[in-house]
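> coordinates for the following, if possible.
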Amino acid sequence: MSSAVERVKITPPELARQWGVTTEKILTFIRSGELAAIDASTRRNKRPRFLIDKSAIEDFERRRAVVPASTPAPRRKRTTEGVTEYFA
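From the prediction side, this is the model:
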């Protein structure tokens with residue numbers, strides 16, 4: 001009986017497919033520091049191979065979530081108690 005091990009890291013193209021955006025958009029998030037990733041390339045001066053942890057994705061989604069604007073409280077009308085009107 002074999003148990004499937006859930007991958008905890010995914011690549012930028014995989015995440016781009018999940019979100020329906022381009023891979024370049026994911027790489028922009030990584031390079032700007034908004035989305036945490038590790039560079040798994042064997043040589044540091046070569047092309048990076050980014051791996052993104054699932055917890056980093058959840059954190060990014062939580063920070064970028066759209067929160068609906070709260071409805072403002074109804075405006076209170078001015079009361080005219082104690083006001084003497086000179087002009088009518």
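> can you list the strands that the longest strand along the chain pairs with?
Longest strand in the chain, counting residues (DSSP state E): strand 50-53. In the sheet, strand 50-53 lines up against strand 9-10 (antiparallel), strand 38-39 (antiparallel) (DSSP bridges).
> continuing past it, what's the next helix or strand?
helix 54-64 (DSSP states H and E).
> what packs against that following helix?
Applying 3 or more C-beta pairs under 8 Å, 6 or more residues apart in numbering; DSSP states H and E, one finds that helix 54-64 makes contact with strand 9-10. All C-beta atoms are positioned from the backbone trio N, CA, C, and that covers glycine.
> identify the residues contacting the residue nearest the centre of the chain.
The C-alpha lying nearest the average C-alpha coordinate of the chain belongs to R64 (C-alpha atoms, centre = their mean; 2.5 Å). By C-beta atoms under 8 Å, 6 or more residues apart in numbering, R64 lies in contact with E34.
> try it again with 10 Å
Counting by C-beta atoms under 10 Å, 6 or more residues apart in numbering, R64 touches 29, 34-35.
> likewise A36?
Per C-beta under 10 Å, 6+ apart, neighbours of A36: 29-30, 50, 52-53, 55-57, 59-60.
> hmm, 7 Å instead?
Going by C-beta atoms under 7 Å, 6 or more residues apart in numbering, A36 touches 53, 56.
> and it, how far from R75?
Taking C-beta to C-beta, to the nearest Å as the measure, A36 falls 44 Å from R75.
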